[in-house]
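*Asks:* sequence-free structure coming up:
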């Protein structure tokens, strides 16, 4: 989240800037004196609810590059804090910026220590801000925003010097290497319309280069790319005065192009280019802040409250969705239960109506027990096809020339007397349950190959019948059909039954397995159990 109000602090004043729909607007300027502080106090008393941040653009901001050995995160933080306090002991507004290894093969890392050496430039304004409990998102500085601004204007990792005109009479210079700030200066200068202004800019560029070479941030043979935000007229004036023997390349960026790149529609004045830095800070919250722990507490409390409210709303929304799903499921279940009740009512009515049309069948306990016992006996003594095949297998192994084609079996029950026709109103008669007396099986088979010798085939069939009676559980085996059809309707006497062209002779056997009836003792015992 980015605040939409900024307090732009300089040596002489504090200016309030608002950002709304790609527009930057300077609301009010308060001078750095007692009158300005009282006016600022009255302003915050009426406008303390809106979040804000502080952007420092002062001369008293110092940078000190340093190298440290490669350490773990905790040890590195402790070492940088000790060195930072040693370099800038008189101000609480100090910050270490870790910039990574010095080179790929080096065991040292680069850290740039920065600090606002004159904390009295910020303390009076900050006391008023904290007294009104304004949500302060951070204290940022213009030089530390230079990499973000240069990244919007030109993409480069080479040593670069970005020059902009600020506050009408100050020249801002920020030196960057590998996308990181190494040094920065804010110097007093004459107005931009002065005839000596181009030569002053070139002189300041030369001073900055000599300082960078003296501090070994830049070698004397290394090229320095200078980016100056200036209109066409100022660019021509500077180029007309440019004479340097050092490896230097000057690039010019038009203010309207820079404004478009940072996302504002209003073109800034050539001598008030600090709006470019303000627009960059409004686009995205800067990485590095000078604020100590207690100065952002109201902002952190607001973010915590917003997070709690967001989580509560999310939970409420999730509960609402879950309750809606459960409600819809309950509605579906209600519809299904209503449909089941309707079908149950229909079936009950149909059963009642059909039951009235049919006469009830009455049976005593003995008849019911007899029916149950008969069914149980049939189930327990049923002769499935595997059993019949097993019995046949005891014998068929000795007859490789006999091939079974079909096997049918059925249960035989005793004949029952036909009940007399019952008239309406007569007493119901017991329902007779027929008993199973035997199991009959019918086997159709072929003799193959068949050479036409009928006498031999008949002997073979009779031999099979005798062996089935002796070796299997079937008590009665009869050959009911032989290969020779001697019926009068046959075309010739002695017609062979079967596929004569394939050399087979077909015959059929009838097998019977009688079932012994239950004894009286068993029936009586069963009756007592009912």
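*Replies:* Cool, got the structure. Here the structure is a predicted model, which is why all the values come from computation and not from measurement. Numbering: from 1, shown residues only.

*Asks:* just checking, what packs against the top helix by length along the chain?
*Replies:* When the chain is parsed with DSSP state H, its longest helix is helix 297-357. Under the contact definition 3 or more Cβ pairs under 8 Å, 6 or more residues apart in numbering; DSSP states H and E, helix 297-357 sits against strand 136-141. The way it works is simple: take the backbone N, C-alpha and C, and place the C-beta from them, glycine included.

*Asks:* So what touches the helix or strand following the strand it packs on?
*Replies:* Counting by DSSP states H and E, the next helix or strand C-terminal to strand 136-141 is helix 142-153. By Cβ atoms under 8 Å, 6 or more residues apart in numbering, the surrounding residues in contact with helix 142-153 are 55-57, 61, 63, 95, 97, 114, 156, 160, 162, 166, 172, 174, 176, 179-181, 184, 227, 229, 253, 257-258, 261-262, 274, 276-277, 280-281, 284, 286-288.

*Asks:* So which of those are in strands?
*Replies:* With DSSP state E as the criterion, strands contain 55-56, 61, 63, 95, 97, 114, 160, 162, 166, 172, 174, 176, 180-181, 184, 227, 229, 253 from among those.

*Asks:* quick one: the helices in the stretch 401-530 of the chain?
*Replies:* Per DSSP state H, counting those that start in this stretch, the stretch 401-530 of the chain carries helices over the ranges 454-471, 520-528.

*Asks:* Comparing the ones you listed by mean pLDDT, which bottoms out?
*Replies:* Of all the helices of the stretch 401-530 of the chain, the minimum mean pLDDT falls on helix 520-528 (a mean of 42).

*Asks:* Would you mind measuring from residue 355 to residue 340?
*Replies:* Residue 355 sits 22 Å away from residue 340 when distances are taken as Cβ to Cβ, to the nearest Å.

*Asks:* likewise residue 126?
*Replies:* From residue 126 to residue 340 the distance is 74 Å (Cβ to Cβ).

*Asks:* out of these two, which sits in the more crowded spot?
*Replies:* Neighbours per residue, other Cβ atoms under 10 Å: of residue 126 and residue 340, the larger number sits with residue 126, 18 against 10.

*Asks:* need the contact list for the residue lying closest to residue 83 once chain neighbours are set aside.
*Replies:* Distance criterion Cβ to Cβ, 6 or more residues apart in numbering; nearest residue to residue 83, sequence neighbours excluded, is residue 66 at 6.2 Å. The contact partners of residue 66, by Cβ under 8 Å, 6+ apart, come to 83, 87, 110, 111, 112, 113.

*Asks:* so how far is the helix or strand containing residue 66 from its chain's centroid?
*Replies:* According to DSSP H and E, residue 66 maps onto strand 61-69. Centroid separation between strand 61-69 and its chain, computed with Cα atoms, centre = their mean, to the nearest Å, is 45 Å.

*Asks:* got the buried residues for whatever helix or strand residue 43 lives in?
*Replies:* Secondary-structure assignment from DSSP H and E places residue 43 in helix 34-46. Neighbour counts using 16 or more other Cβ atoms under 10 Å place 36, 37, 39, 40, 43, 44 of helix 34-46 among the buried residues.

*Asks:* On the pLDDT front, check the residue nearest to residue 83 for me.
*Replies:* pLDDT recorded at residue 66 is 87.

*Asks:* what pairs with it across the strands?
*Replies:* On the basis of DSSP bridges, residue 66 is bridged to residue 111.

*Asks:* Can we start the residue count at 2 from this point?
*Replies:* That works, and once the first residue is 2, the last one we named lands at residue 67.

*Asks:* can you tell me how far it sits from residue 148?
*Replies:* Using Cβ to Cβ, we find residue 67 at a distance of 19 Å from residue 148.

*Asks:* Where do the helices of the stretch 152-301 of the chain begin and end?
*Replies:* 198-215, 233-242, 256-263, 275-284, 298-358.

*Asks:* now, of the ones you listed, which is deepest in the fold?
*Replies:* Sort the helices of the stretch 152-301 of the chain by mean neighbour count, taking mean count of other Cβ atoms under 10 Å, and helix 275-284 sits at the top with a mean of 24.

*Asks:* Next, count neighbours for residue 461.
*Replies:* Residue 461 has 18 neighbours, counted by other Cβ under 10 Å.

*Asks:* what's it in contact with, if anything?
*Replies:* Counting by Cβ under 8 Å, 6+ apart, residue 461 touches 400, 402, 403, 448.

*Asks:* PyMOL command to pick out the buried ones of those?
*Replies:* Restricted to buried positions by 16+ other Cβ under 10 Å, the PyMOL selection for the contacts of residue 461 reads:
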select buried, resi 400+403+448
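
*Asks:* Redo the contacts of residue 461 as TSV? Include pLDDT and distance to residue 78.
*Replies:* What follows is the contacts of residue 461, written out as TSV (pLDDT from 0 to 100; distance: Cβ to Cβ, whole Å):
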residue	pLDDT	distance to residue 78
400	88	100
402	87	101
403	88	100
448	89	104
